[in-house]
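> Generate coordinates for the sequence data below:
(chains A and B)
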Number of protein chains: 2
Amino acid sequence: MARAAIGSEIEKLIRLFSGLPGLGLRSARRVVLYLIKREEQLLRPLSRALEMVADSIKICSCCGNIDTTDPCCVCIDPKRDLSVICVVEDVSDLWALERARVMNSHYHVLGGVLSALDGISPHDLNIKRLIERACVPEVQEILLAVNSTVEGHTTAHYITDILGDCNVRVSRLAQGIPVGGELDYLDDGTLAAAINARTIF
Amino acid sequence: MARAAIGSEIEKLIRLFSGLPGLGLRSARRVVLYLIKREEQLLRPLSRALEMVADSIKICSCCGNIDTTDPCCVCIDPKRDLSVICVVEDVSDLWALERARVMNSHYHVLGGVLSALDGISPHDLNIKRLIERACVPEVQEILLAVNSTVEGHTTAHYITDILGDCNVRVSRLAQGIPVGGELDYLDDGTLAAAINARTIF
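Below you'll find the model as predicted:
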């Protein structure tokens, strides 16, 4: 900042916020001013909440989920269907599926997808543990809920290959038009996939 | 979150972030996951920086600026022009002018603008202290750098009125087309103001 009109502590805080996804320097300044004006309601609670999370987060050694316990609350939930493991790229995908309340299975977080460009090989992903879990007798299906990208497809093919020896069914998410989607706004690839996978009405 | 797939500490942190300006629930989740994956580089430093700011921020009793000292670094800066006080609505406006390096004056933060709709009267603004400062013999000009809104204009007129007894010149920012602006994209009001205030080339 020009001529230090802002204290260095405030400037440091702005810099930290501006590094977060979706925030730039301008929005970081706005956030910091907003926080400073709400010291007791927001600034201090946020500081404490961050510290609490830093002290308590654990990576689940079973599925790779982020939680405050290890194994995570999904892995120890007795109501979950033991026969299906839903494989996702990232914890955010696990959260999205949980919010939608569409899965009652266990999960497995890969921690990324295979990518030659980014130099991500199978050893960088949480695949070894997936094979161990897939070989447990109760497990009957591995649902590959990876993103519908080139890297996602590559990863799905790779996992399908290496799970060939395990006695499990490997499935993947259906492709087609999104619910509420309008044909006019969809890309050619999605339209082609929806037509190829058309179902009897 | 459905069926508590996320620990309550993480959920609380997401809720706090989602209340910040410009962030919603989705972006808050993204930010929190980003932070959790960078515990030592970002999560803990952010918590500490927030605490440091909470412990050290002060409102300058002279101009209303937010800083870690009182009076603030602008008010105690001996290189500043004592004859001009630049009046702004909010600390963010002060920061914007300082970033542009266009003012070497002192500032006065009103803390808002007069607004009948929001019930903001002169008593809610930092105006009493402005009158005291305007009556100091060194001060020759009060520059009203308020936003060009109806409330901003109302406030500017009000301050001009009550500063009538002080021996100061009251000025306001020029109105016209922004530098780099294209006529085709400007509103009628701005075009009219630019024509009315046209200057000899």
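
> C-alpha from now on. contacts and neighbour counts both.
OK.

> And whatever residue of chain A ends up closest to chain B, what's its pLDDT?
Here the residue of chain A nearest chain B is A:S47; by C-alpha to the nearest C-alpha that distance is 4.5 Å. A:S47 is assigned 95 on the pLDDT scale.

> so how far is B:L16 from it?
A:S47 sits 10 Å away from B:L16, going by C-alpha to C-alpha, to the nearest Å.

> Which one's more surrounded, these two?
Of the pair A:S47 and B:L16, A:S47 is the one with more neighbours under other C-alpha atoms under 10 Å in any protein chain shown, namely 22 against 19.

> which SS class is that one?
The three-state assignment at A:S47 reads helix, by DSSP: H, G, I helix; E, B strand; the rest coil.

> Now it: closest residue in space, sequence neighbours ignored.
Residue nearest to A:S47 in three dimensions, not counting chain neighbours: B:S47, with 4.5 Å by C-alpha to C-alpha, 6 or more residues apart in numbering or on different chains.

> Tell me if I'm right that the one you found and A:R48 touch.
Yes: taking contacts as C-alpha atoms under 8 Å, B:S47 lies within contact range of A:R48: 7.0 Å.

> can you give me the helices in chain A?
A:8-18, A:25-36, A:44-56, A:91-100, A:128-134, A:150-162, A:188-196 (DSSP state H).

> A:G181: which of these is closest?
helix A:188-196 (10.8 Å; C-alpha to C-alpha).

> Give me the residues contacting that closest one.
A:Q175, A:G176, A:I177, A:L183 (C-alpha atoms under 8 Å, 6 or more residues apart in numbering or on different chains).

> Give me the buried entries from those residues.
By neighbour count, with 16 or more other C-alpha atoms under 10 Å in any protein chain shown, these hold A:Q175, A:G176, A:I177 as buried.

> Columns pLDDT and distance to chain B on top of those residues, output as JSON lines?
Shown next, in JSON lines, are these (pLDDT from 0 to 100; distance: C-alpha to the nearest C-alpha, whole Å):
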{"residue": "A:Q175", "pLDDT": "88", "distance to chain B": "24"}
{"residue": "A:G176", "pLDDT": "90", "distance to chain B": "24"}
{"residue": "A:I177", "pLDDT": "90", "distance to chain B": "23"}
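
> Tell me how many other residues crowd A:N104.
18.

> Who are the contact partners of the closest residue to it other than its chain neighbours?
The spatial neighbour of A:N104 that comes closest, neighbours along the chain excluded (C-alpha to C-alpha, 6+ apart), is A:R80 at 5.4 Å. Neighbour list for A:R80: A:V74, A:N104, A:S105, A:H106 [criterion: C-alpha under 8 Å, 6+ apart].

> Need the phi and psi values for A:R80.
Note on A:R80: backbone dihedrals following degrees, to the nearest 10 are phi -80, psi 150.

> any idea how far A:C86 is from it?
For A:R80, the distance to A:C86 - C-alpha to C-alpha - is 12 Å.

> Report the set of residues contacting both of the two.
In contact with both A:R80 and A:C86: A:S105, A:H106, using C-alpha under 8 Å, 6+ apart.

> hmm, back to that, just the buried ones from the contacts of A:R80?
A:V74, A:N104, A:S105, A:H106.

> Find me the pLDDT at A:T68, would you?
Model confidence at A:T68 (pLDDT) stands at 87.

> Could you verify my assumption that it touches B:G7?
Yes: between A:T68 and B:G7 there is a contact under C-alpha under 8 Å: 5.7 Å.

> low pLDDT regions in chain A?
Residue ranges of chain A with pLDDT under 70: A:1-6.

> give me every residue that touches A:A28.
Here A:A28 is in contact with A:I14, A:R15, A:F17, A:S18 (C-alpha under 8 Å, 6+ apart).

> and with 7 Å instead?
A:I14, A:F17, A:S18 (C-alpha atoms under 7 Å, 6 or more residues apart in numbering or on different chains).

> Which residues are in contact with the last one?
What that stands for is A:S18. Counting by C-alpha under 7 Å, 6+ apart, A:S18 has contacts A:G24, A:L25, A:A28.

> and what of the first one?
Taking C-alpha under 7 Å, 6+ apart as the contact definition, A:I14 lies against A:A28, A:R29, A:V32.

> What is the nearest of those residues to A:A134?
For those, the nearest to A:A134 is A:A28 (44.4 Å; C-alpha to C-alpha).
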